[in-house]
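>>> structure, please.
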Amino acid sequence: MKPIIPFALLGALLAVGAADAAVTDPVGYITVNIVANGETYISPTLVEPDVFAAASSVTPSGGSVITFTPTSGVPAGLNGSYVLEIKSSGWWATVVSSDAALGTITVNSPFPGSLPAATAVAVRKHSTLGTFLGENAPGLITFDGVSPSDEVQVLDAAGSPQSVTSFGYVSGANLGDTLYPNGAWFNLGTSAVDNNFVIEPGSAIRVKRVGATALSFTVDGEVKTTPTQVDLFSNFNWVGTPLATGGTLDGMAFNTQLIQFDGVSPNYDELQILRPNQTAVPFASALDGVTSTSASMFNLADSVFAPTEPIPEGTGVVINRIGNPASVITLAGSVVAP
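So this is what the prediction gives:
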């Protein structure tokens, strides 16, 4: 059993960076805060432990199946509750199935091209509403169909049009013929219970709090030391931080990966940070005005460069892609001190 490391000790162990850790990923916990009477973007940050990690025996490029030598120990029965990640790049896809006898895992997207034969991957459980928020660990106002309640929202940024799925927590409820004595996460649109609703890697969710007091809760899991690829679609994207001690705008390489603001074209990426007072502060990448060759994140509201603007652990930002097609950015993992 790995020890649970408190946030203060995680801060001593971790530094922002892109390299993979050279030691076993630590297990720890972070604190996530939710504002009163407003909206908060939060993200899992910590991840589930790997259930399988190995290098492929042949290149997986050209299809959706990755093959390992049968002695690699591919687990049987993997399904859509698992995610497979290429450790070097952070590319990921949801698992469809696995065959332990053949040593294969099938995913729901084609692998990138030109991958080497020995492509190192890891498989773990997806983060879900249930694993992240537990049995209403934040203490949200529960849904009873009568009184105002807090909502948890998940964005489908890839949809056309984009859509938001809203959930409330039902406590000790009898829904239909099923009793949920410990409560459950309830889809407010379909009236279905879905504790296993997936929170995709690198994404954030939004909490709409009607309660008059701020909340906080702790989340435990493994520190993510590998990068994470995030798809940015046209219009809005809710992006979370995978860094166990938080990051900064330039430190997370938004300055080099977002489409720049040049003061002329209306088409650029606007990154928004929602303050506790519900002010959405807009940022964009722009040339820093000193070297004129490097870009830095820039506060569009006060015209001040803000490379060290913090993004705390467990939080998320909104990226509005204006007038440009979808693409991928990569968020670095945490580096664990040896």
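>>> how about the helices in the protein?
7-13, 129-133, 254-257 (DSSP state H).
>>> roughly how far does the closest residue to Gly113 other than its chain neighbours sit from Asn255?
Counting by Cβ to Cβ, 6 or more residues apart in numbering, the nearest residue to Gly113 once its immediate chain neighbours are dropped is Ser61, at 4.9 Å. No exception for glycine: its C-beta is placed from N, CA and C like everyone else's. Taking Cβ to Cβ, to the nearest Å as the criterion, Ser61 is separated from Asn255 by 31 Å.
>>> these two: which is more packed in?
Asn255 (25 against 16; other Cβ atoms under 10 Å).
>>> what's the burial count for Ile205?
Neighbours of Ile205 (other Cβ under 10 Å): 26.
>>> from Asp194, how far out is the nearest residue in space to it that is not next to it in sequence?
Leaving aside its sequence neighbours, Ile205 sits nearest to Val154 (Cβ to Cβ, 6+ apart; 5.3 Å). Val154 sits 10 Å away from Asp194, taking Cβ to Cβ as the criterion.
>>> also Thr213?
From Thr213 to Asp194 the distance is 27 Å (Cβ to Cβ).
>>> between these two, which one's more packed in?
Taking other Cβ under 10 Å, Thr213 and Asp194 do not tie; Asp194 has more neighbours (16 against 10).
>>> and the more buried one, what is it in contact with?
129, 167, 185-187 (Cβ atoms under 8 Å, 6 or more residues apart in numbering).
>>> before we move on, what about Lys87?
Contacts of Lys87 by Cβ under 8 Å, 6+ apart are 20, 53, 120-122, 226.
>>> farthest pair in those residues?
Maximum pairwise distance in the contacts of Lys87, criterion Cβ to Cβ, is 12.8 Å, between Asp20 and Val121.
>>> more neighbours, these two?
Neighbour tally, Asp20 and Val121, criterion other Cβ under 10 Å: the higher count belongs to Val121, 25 against 15.
>>> hmm, the more buried one is touching Ser57, no?
No. Assessed by Cβ atoms under 8 Å, Val121 is found out of contact with Ser57, at 11.8 Å.
>>> quick check: beta-bridge partners of Ile86?
Val121 (DSSP bridges).
>>> go ahead and confirm it touches Ala93.
No. Between Ile86 and Ala93 there is no contact, the gap being 9.1 Å when judged by Cβ under 8 Å.
>>> now do the shared contacts for these two.
Joint contacts of Ile86 and Ala93 (Cβ under 8 Å, 6+ apart) are Phe111.
>>> the two: which is more packed in?
Shown here are Ile86 and Ala93; by other Cβ under 10 Å, Ile86 has more neighbours (22 against 19).
>>> and the more buried one, what does it touch?
92, 111-112, 115, 119-121.
>>> contacting residues for the spatially closest residue to Pro307 that is not a sequence neighbour?
Among residues not flanking Pro307 along the chain, Asp250 sits closest, at 3.7 Å (Cβ to Cβ, 6+ apart). Under the criterion of Cβ under 8 Å, 6+ apart, the neighbours of Asp250 are 296-297, 307-308.
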